[in-house]
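> here are the coordinates; sequence isn't available:
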C-alpha cells in the first residue's frame, strides 16, 4: 500500500518561500512507470495542478506557476519536495502530493493547509 504524507510549515509570510515535503512509503519514487505531482486547492476553489516529477527526475510545471515553482526529490529518503517562491495570500491553499500526472492519480496524501499571512 502506497502512502504519501505532506509536511511543512502551516504559515508563511508574504514574499517568502513555501517549502513542503512529501514522504512516500510503500513504493519507490524512482520507479520509471510512476510520476509524482503537487496539487493545491485554495479555499472555496477547485484543484490546481502545480507540477510533476517523473521517475527519471524530469520535471514539468503548470505554466502560470512555472516561474515560482520547483519540485525536487531526495531518493535516499524517498521524498518529493515543493518550493514556491514569492508567495502571496492567493497561495493560501491545501497542498497535496499525489502519485500520477494529469492523466490521473491513484494515491493522495491527506493534504496540508498552508496559510500565507503576515
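Thanks, I have it. A quick note: this is a predicted structure, and the numbers were derived from the prediction, not measured.

> C-alpha from now on. contacts and neighbour counts both.
OK.

> Count the neighbours of residue 37 for me.
27 (other Cα atoms under 10 Å).

> Likewise for residue 52?
28.

> Same check on residue 16?
13.

> quick one: pLDDT of it?
Residue 16 is assigned a predicted lDDT (pLDDT) of 98.

> Who does the residue nearest the centre of the chain form a beta bridge with?
When Cα atoms, centre = their mean is applied to the chain, the residue found nearest the centroid is residue 38 (2.8 Å). On the basis of DSSP bridges, residue 38 is bridged to residue 51, residue 97.

> do you know how far it is from residue 71?
Distance from residue 38 to residue 71, counting by Cα to Cα, to the nearest Å: 8 Å.

> what do you get for residue 25?
Distance, residue 25 to residue 71, using Cα to Cα: 18 Å.

> next one: residue 40
14 Å.

> Over to residue 98?
In terms of Cα to Cα, residue 98 sits 13 Å off from residue 71.

> Helices of this protein, start to end?
Using DSSP state H, the chain contains no helices.

> what residue ranges in it score low on pLDDT?
Counting by pLDDT under 70, the chain contains no low-confidence range.

> where do the strands sit along it?
For the chain, strands defined by DSSP state E occupy the ranges 3-7, 11-12, 18-25, 35-41, 48-54, 59-61, 69-74, 79-84, 93-101, 104-108, 112-116.

> Spit out the contact partners of the residue of the chain positioned farthest from its centre.
In terms of distance from the mean C-alpha position of the chain, residue 118 ranks first, at 22.7 Å (Cα atoms, centre = their mean). Each residue near residue 118 by Cα atoms under 8 Å, 6 or more residues apart in numbering is listed here: 12, 13, 14.
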